[in-house]
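Trainee: Quick one, fold the following:
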Amino acid sequence: MDVKNFRKAGHFPSLLSAFLYFDVSFMIWVLCGALSLYITKDFNLTDAQKATMVAIPTLGGSIFRIPMGILADRIGSRKAGMIGMGLTILPLMWGWLGGTSLSQVQSLGFLLGIAGASFAVSLSLASRWYPPQYQGLAMGIAGAGNSGTALATFFGPQLAAKFGWHNVFGLAIIPLLLVFVAYFLMAKDAPNQPAPKKIRDYLAVLKNIDTWWFSIFYAITFGGFVGFSSYFSIFFYDVYGDQTVQGGLTRIQIGYLVTITVIAGSFFRPIGGYIADRIGGMKFMLMLYSIITICAFAVSTMPSSFMVMLALTSIMMACLGMGNGSIFQIVPQRFSKEIGVVTGIVGAAGGLGGFLLPNNVLGPLKQATGSHVTGFIVVASIVLVVTLVFYAVTRSWRKDWATADSGVNF
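Mentor: Next up is the predicted model:
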């Protein structure tokens, strides 16, 4: 691909703005998960309560994504992004100056979902600037902002150990304000920004079956990425931590491991979009789902070496990340005029998947069985079923709308 042509095809400052907004927002969105080993220690939580605490911000993000997507379509992604960042300051202040009970942490965690809703705004800002042949890469670059998760898992435990976890919420306000200024100066709505419509017109896409198929498929890839990102600190510490194994890993070392898996998922997202542009998003997704299934079954064997586990989880997260990029190589082609609201709906489904994974699968099964084995067997089985469904659905898509003259390699 010609990088020069790619830069000329769109508006790079807006693409960079979308990435930065997404990046700092994802860092903030997963703070409860990144700080979970310190927060749960203060409140002495059960396995199920731990899983719920780290999952609630994901639920909040799922709920807030639809209104933020509609807002981006109605007033433009630039204004919607600034509103989102302004509102995100509120739960950070609460976590910094309050957060003295589990109910408070759960409530502010839900409001952190406003940061997670940045997805619907950032991707619509990036998508509208680029033609079909560059959608995968453009959406992948903007979506690589989920690398902010790695910033949270790497720096969060270290800062919490030194300053206390409450102060980490306060420190997070600093990069948020810096990105707000950069976004204000660089972001620009594309000239093809559609005219505002009535709310019921936006929600008409819910009647389209493809909206629901994309939601299911993204619930696996993005839901898996954000769900594991939030839960892996608890998982790794349960299996390899110094409270489980003599001479095991400390909380800070666990943060390093989780960061590696998150980096794999984050930085492979644009690669996934690029490969999808080249060989076709549908073909590539089928490959990725298959590898994710194999990795999840392999993780369920609980290898004694944390290095082996790190390799398996990193490969799985890389495939989930590339899957996120690959699916959003397809979505803008199917819903080019409703990309904001569809991104919000599909993103909400992804967030819901990220909530259900730790809260309804991994956490409860760990508490019920005393092991993480069953949870990962269930996850692998679910992905296997979705892989087969994806194959069947995309065969019909190729006949209905993903045709050879559409301008994109599906």
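
Trainee: For the chain, which residues score under the pLDDT cut-off?
Mentor: Counting by pLDDT under 70, the low-confidence segments of the chain come to 1-5, 336, 339-340, 402-410.

Trainee: For it, list the residue farthest from the centre, please.
Mentor: Going by Cα atoms, centre = their mean, the residue of the chain most distant from its centre is Gln246, 34.0 Å out.

Trainee: Contacts only, for Leu108.
Mentor: Residues in contact with Leu108 (Cβ atoms under 8 Å, 6 or more residues apart in numbering) are 91, 94-95, 98-99. All C-beta spots, glycine's among them, are computed from the backbone N, C-alpha and C.

Trainee: ok, now with 10 Å
Mentor: 31-32, 56-57, 60, 90-96, 98-99, 169 (Cβ atoms under 10 Å, 6 or more residues apart in numbering).

Trainee: In PyMOL, select just the buried ones from those residues.
Mentor: Typed into PyMOL, the line below selects the buried ones among the contacts of Leu108, using 16 or more other Cβ atoms under 10 Å:
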select buried, resi 31+32+56+57+60+91+92+94+95+96+99+169
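
Trainee: Among the contacts of Leu108, name the ones in strands.
Mentor: Judged by DSSP state E, those include no members of strands.

Trainee: nearest to Pro157, of the contacts of Leu108?
Mentor: Distance to Pro157 across the contacts of Leu108 (Cβ to Cβ) is lowest for Leu31, with 11.0 Å.

Trainee: The closest one and Gly353, how far apart?
Mentor: 20 Å (Cβ to Cβ, to the nearest Å).

Trainee: in stretch 28-43, what's buried?
Mentor: Those would be 28-40, for stretch 28-43 by 16+ other Cβ under 10 Å.

Trainee: Return the member of those residues nearest to Val393.
Mentor: In terms of Cβ to Cβ, no member of the buried residues of stretch 28-43 lies closer to Val393 than Trp29, at 29.5 Å.

Trainee: ok, now which ones touch the closest one?
Mentor: By Cβ under 10 Å, 6+ apart, the contact set of Trp29 is 22, 57-58, 60-61, 88, 109, 112-119, 146, 148-149, 152, 226, 229-230, 351, 354.

Trainee: The same query, at a cut-off of 6 Å, please.
Mentor: By Cβ atoms under 6 Å, 6 or more residues apart in numbering, the contact set of Trp29 is 57, 61, 112, 115-116.

Trainee: Now it, what are its backbone angles?
Mentor: Note on Trp29: its backbone torsions stand at phi -60, psi -40 [degrees, to the nearest 10].

Trainee: ditto for Leu249
Mentor: phi -80, psi 140.

Trainee: so what's it up against?
Mentor: By Cβ under 6 Å, 6+ apart, the contact list for Leu249 reads 240-241.

Trainee: partners of it in the sheet?
Mentor: Beta-bridge partners for Leu249, by DSSP bridges, are Gly241.

Trainee: Now intersect the contacts of Leu108 with the helices, please.
Mentor: 31-32, 56-57, 60, 90-96, 169 (DSSP state H).

Trainee: For those residues, give me a markdown table that also has distance to Leu71.
Mentor: Converted to a markdown table, these look like this (distance: Cβ to Cβ, whole Å):
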| residue | distance to Leu71 |
| --- | --- |
| Leu31 | 24 |
| Cys32 | 25 |
| Ile56 | 23 |
| Pro57 | 20 |
| Gly60 | 16 |
| Leu90 | 17 |
| Pro91 | 19 |
| Leu92 | 21 |
| Met93 | 22 |
| Trp94 | 23 |
| Gly95 | 24 |
| Trp96 | 27 |
| Phe169 | 25 |
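
Trainee: chain center to the helix or strand harbouring Tyr274, what's the gap?
Mentor: Element membership of Tyr274, judged by DSSP states H and E, is helix 269-279. From the chain centre to the centre of helix 269-279 is a distance of 17 Å (Cα atoms, centre = their mean, to the nearest Å).

Trainee: Kindly reformat the buried residues of stretch 28-43 as a markdown table containing distance to Thr46.
Mentor: As requested, the buried residues of stretch 28-43 are arranged in a markdown table below (distance: Cβ to Cβ, whole Å):
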| residue | distance to Thr46 |
| --- | --- |
| Ile28 | 26 |
| Trp29 | 24 |
| Val30 | 21 |
| Leu31 | 21 |
| Cys32 | 16 |
| Gly33 | 17 |
| Ala34 | 20 |
| Leu35 | 18 |
| Ser36 | 13 |
| Leu37 | 15 |
| Tyr38 | 17 |
| Ile39 | 14 |
| Thr40 | 9 |
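
Trainee: tell me which of the contacts of Trp29 is nearest to Gly370?
Mentor: For these, the residue nearest Gly370 by Cβ to Cβ is Pro57; the value is 26.7 Å.

Trainee: show me the contacts for the closest residue to Ile275 other than its chain neighbours.
Mentor: Leaving aside its sequence neighbours, Ile275 sits nearest to Phe284 (Cβ to Cβ, 6 or more residues apart in numbering; 5.6 Å). Neighbour list for Phe284: 275-276, 326 [criterion: Cβ under 6 Å, 6+ apart].

Trainee: Ala144 now?
Mentor: 266, 269-270.

Trainee: among these, who's most crowded?
Mentor: For the contacts of Ala144, the largest number of neighbours (other Cβ atoms under 10 Å) sits with Arg269, at 30 neighbours.

Trainee: So that one sits against Cys319, correct?
Mentor: No - assessed by Cβ atoms under 6 Å, Arg269 is found out of contact with Cys319, at 10.8 Å.

Trainee: can you count the residues close to the spatially closest residue to Trp129 that is not a sequence neighbour?
Mentor: Leaving aside its sequence neighbours, Trp129 sits nearest to Gly10 (Cβ to Cβ, 6+ apart; 3.7 Å). Residues lying near Gly10 (other Cβ under 10 Å) number 18.

Trainee: Gly10 is in contact with Pro131, isn't it?
Mentor: No - under the criterion of Cβ under 6 Å, Gly10 makes no contact with Pro131, lying 7.9 Å away.

Trainee: going on from the helix holding Tyr274, what's the next piece of helix or strand?
Mentor: Following helix 269-279 in sequence order, the next helix or strand is helix 281-299 (DSSP H and E).

Trainee: Following the chain onward from that following helix, which element is next?
Mentor: Proceeding C-terminally, helix 281-299 gives way to helix 306-334 as the next helix or strand, assigned by DSSP H and E.

Trainee: Good, wrapping up.
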